[in-house]
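Trainee: dropping the sequence and predicted coords here.
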Amino acid sequence: MAAYKSTLTILLASFYCTSCAFSFAPSSVTITSNNNLYYRSHIEATVLSAKSDDDDDDEVILSDSEDDWRTFRAKLVMGESSTSPSSSTTTTTPTDSSSSDDNIIIDDSDLDGIGALFSSSETTVQQFTPLDPSQWAYDSGKVIEQGAVILGGVEQDFGFGLRQQYFHKAVILVLDHDENTFTKGIILNRPSDRMMEDDVNEGLEWRVWFGGDVQGLDSILPDIVCLHSLKGEEAKEASNPVMKDIQWTSFENAKKLVKKGIASGPEDFWLFAGYAGWGPKQLSGELERLSWYMCATDSQTLLKELARQSSGVDPRDAGLETWELLMNMIGRGETANDCSGNFDDLMLKEWGRGHLLKGYGGEVGVARNPLWGGGGGGGFLEEMDGSSVDDKMKEAADMALTEDLKAGTLLRGSSADRSPFLLRKQELHHSLLLVIVEDDKATVACMLNHPATKGYDIVGYSKGAASLPLRYGGDFALKGQSPLIWLHCSQKLRDSGVGSSLSGQNEGIYKCEQEQALEAISYGIATPSDFLVISGVCVWPKLGGSLANEVKRGVFEVVPNEKQSLVIETLQTQTILTKDNLAENIKITQDAWDKAADPNSSCKSTGTDVVLTTGIGEGFDEDDDTVVFNSDKKVSELADDALQKWIATFLLGAPTLT
């Protein structure tokens, strides 16, 4: 093969890739075929490939400081892949002088100068799947560096379906990396149809992309990065290089470049609001857990994908195609195919619908109303409507103080087809919630319908050993009170003076001390199944999303008093949670939730409907808001699946069970 000479400083951490192994010495590189590729950090070397007797003396010199050294590394990786005797792919390696650098054609569209490696029809490179002769990508193992691409992993036990859906199958470009301090990247495959106005160039608007969850779309002061590939000197001076032909600059600088005519307009940029960040060594740890895959690719591949997503891609598709493309290019196509259209994909699409569509998201740089955060989510969050945060806080406080709920009120989660708890706090979906404390500071309630894997053993019961399921009631505990809440709804126990009414009206659900309950059981006044034992509570501060407010908006519905006994009796048939009875316990919850409905109420969500955009789906009704975009999955069914997934993950400790 032809010799390659170049003096370059390689500033890399050690990394692995499924191709070959390099062993750097101060002045040479040795290549061996053991399917591993290692680089050592901070080595300044003259790179000279080993030559066979059949090699000629032609040389390819990398002398231009503007050349992407990553391209040279990729050439070595792919060159070894194409000639490795252990490769399962049949290759043909030219040996005469006409096959060396004399045949390399310089193509202006070949942004990284590597297209010639794919130009021969006789050469097939294993693990590399170019879209055209100028594009490349490969799995770079655990190398984290500026210009690298992080792909969302799909092999970890606990994915992003229930939390932080925007990270599922994300394609993240690393802008800055220091293993000991901080890593910053922007998500490249979350285009929105939300816009930002230009205060420098009158009449212009800039399309916004979701770049990450730190200072993102809905932050009061979003962190904005404008990616571009402008080649002028003034544009370069105002920018920070990421990789060859890709730079970033601030929004202010981007607007100035347009004003000066150096850029033709917003279409020359990709504007990202927010970023993804990792602390010292955090990302390395997540790579070990298969939360991410590292990918090295050329700038042309990324620029073409950005351009494609800029024209006609529906935000509700959430950039899945870009992730699948790169996964195929790095040889992980089978992994990508195995999880296509799965639960996490559907949840990501619902996140895209709720956060990337203009009709839902509102103006960039204006925070979503924090008052609706206590238990809401999805389509129940309202926009600011031009009011200040202070105005909204005062309005909500006034409303909450005049419409307090009473202790003893039983609530059920919304009956809306599109659950407000689809994307977060899934445990509240079709939940049954009992208000136990109501004052001027907060409303405290506990969920009744989530048996956990542990039980409370009853000693001294006349019929032998008995164990009551401990129920998960929420994430908080009441200071200075017993960690367990004992409840009953038995008329016999009321008449016997066991406990006290939460409502203060000698009816409904009673709360009692543990000693009272155990004494009633030992005397035969009660059976263990007469009680619900709850651990933990939920809290709604009055000035942070009052529970009364959420009832008013349909996030929760009040259960009629006459239905309380029937609901409690149904829940009492649940048992300690196991893998075998997971489905049965959920079925009982649904039965109790159905029985809790108020037949005289037509309560539904009052959340604002989202204005849908025209998509590109095939065979699906894109305007049917009852199904997930480009699928036949009912949103209501997805919410049920999310609840089951939450229980399996957080209560059962078996995230892969469902």
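Mentor: In hand now; what should we look at? Bear in mind that the values here come from a model prediction, so they are computed numbers and not experimental data.

Trainee: and the helix or strand hosting Lys511, what does it pack against?
Mentor: Using DSSP states H and E, Lys511 sits within strand 510-512. On a contact count with 3 or more CB pairs under 8 Å, 6 or more residues apart in numbering; DSSP states H and E, strand 510-512 meets strand 484-488, helix 491-495, strand 500-501. For glycine as for every other residue, the C-beta is placed from the backbone atoms N, C-alpha and C.

Trainee: rerun that using 10 Å as the cut-off
Mentor: strand 484-488, helix 491-495, strand 500-501, helix 514-522 (3 or more CB pairs under 10 Å, 6 or more residues apart in numbering; DSSP states H and E).

Trainee: contacts made by that strand with the rest, please.
Mentor: With contacts defined as CB atoms under 10 Å, 6 or more residues apart in numbering, strand 510-512 is touched by 407-408, 434, 436, 485-490, 493-494, 497-503, 516, 518-520, 526, 531, 534.

Trainee: can you list the low-confidence ranges for the stretch 1-150 of the chain?
Mentor: 1-134 (pLDDT under 70).

Trainee: on that earlier part again, buried ones only from the contacts of strand 510-512, please, as a ChimeraX command.
Mentor: In ChimeraX syntax, the buried subset of these is picked out as below (16 or more other CB atoms under 10 Å):
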select :407,408,434,436,485,486,487,488,489,490,493,494,498,499,502,503,516,518,520,526,531,534
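
Trainee: in stretch 415-426, which residues are buried?
Mentor: Buried residues in stretch 415-426, counting neighbours by 16+ other CB under 10 Å, are found at 415-416, 418-426.

Trainee: also stretch 451-469?
Mentor: In stretch 451-469, counting by 16+ other CB under 10 Å, buried: 451-452, 455-456, 458, 461, 466, 468-469.

Trainee: right, and out of those, which lies closest to Val242?
Mentor: Ala452 (47.6 Å; CB to CB).

Trainee: got the confidence number for that closest one?
Mentor: Per-residue confidence at Ala452 stands at 97 (pLDDT).

Trainee: and it, what does it touch?
Mentor: 469-473, 535-536, 576-577, 647, 650-652.

Trainee: and for Ile482, the neighbour number?
Mentor: Quick fix: residue 482 reads Ser, not Ile. Counted with other CB atoms under 10 Å, the neighbours of Ser482 add up to 12.

Trainee: and Ser340, how many neighbours does it have?
Mentor: 11.

Trainee: any weak-confidence spans in the stretch 301-450 of the chain?
Mentor: Counting by pLDDT under 70, the stretch 301-450 of the chain contains low-confidence ranges at 360-404.

Trainee: would you list every one of the helices in it?
Mentor: 320-329, 333-338, 343-355, 358-361, 389-402 (DSSP state H, counting those that start in this stretch).

Trainee: can you check the stretch 101-250 of the chain too?
Mentor: Using DSSP H, counting those that start in this stretch, helices in the stretch 101-250 of the chain cover 233-237.

Trainee: where exactly do the strands run in it?
Mentor: Secondary structure of the stretch 101-250 of the chain (DSSP state E, counting those that start in this stretch): strands at 137-139, 149-152, 171-178, 182-187, 191-197, 205-210, 224-228, 240-243, 246-249.

Trainee: for the stretch 451-600 of the chain, same thing?
Mentor: In chain order, the stretch 451-600 of the chain shows strands spanning 451-458, 466-472, 484-488, 500-501, 510-512, 532-535, 538-541, 556-558, with DSSP E, counting those that start in this stretch as the criterion.

Trainee: other SSEs contacting the third one?
Mentor: Applying 3+ CB pairs under 10 Å, 6+ apart, one finds that strand 484-488 makes contact with strand 432-438, strand 466-472, strand 510-512, helix 514-522, strand 532-535, helix 564-571.

Trainee: partner strands of that strand, parallel or antiparallel?
Mentor: strand 510-512 (antiparallel), strand 532-535 (antiparallel) (DSSP bridges).

Trainee: hmm, back to that, averaged pLDDT, the strand holding Lys511. What do you get?
Mentor: 97.

Trainee: okay, and for the stretch 501-650 of the chain, where does confidence drop off?
Mentor: Within the stretch 501-650 of the chain, the set of residues satisfying pLDDT under 70 comprises 544, 602-623.

Trainee: ranges for the helices of it?
Mentor: Going by DSSP H, counting those that start in this stretch, the stretch 501-650 of the chain shows helices at 514-522, 547-552, 564-571, 582-595, 635-646.

Trainee: hmm, who's touching the first one?
Mentor: By CB under 10 Å, 6+ apart, the list of residues contacting helix 514-522 from outside reads 456, 458-463, 466, 468, 482-488, 490, 492-493, 496-500, 510, 512-513, 525-531, 533.

Trainee: try it again at 6 Å.
Mentor: The contact list for helix 514-522 (CB atoms under 6 Å, 6 or more residues apart in numbering) reads 460-461, 486, 498, 526, 531.

Trainee: check the burial of Gln644 by counting its neighbours.
Mentor: Quick note: Gln644 (other CB under 10 Å) scores 18 neighbours.

Trainee: just checking, it touches Pro655?
Mentor: No. Applying CB atoms under 6 Å, one finds Gln644 not in contact with Pro655, separated by 11.3 Å.

Trainee: measure the residue lying closest to Trp646 once chain neighbours are set aside to Leu411 for me?
Mentor: Sequence neighbours aside, Gln426 is the residue nearest to Trp646 in space, at 4.1 Å (criterion: CB to CB, 6 or more residues apart in numbering). Computed as CB to CB, to the nearest Å, the Gln426 to Leu411 distance reads 17 Å.
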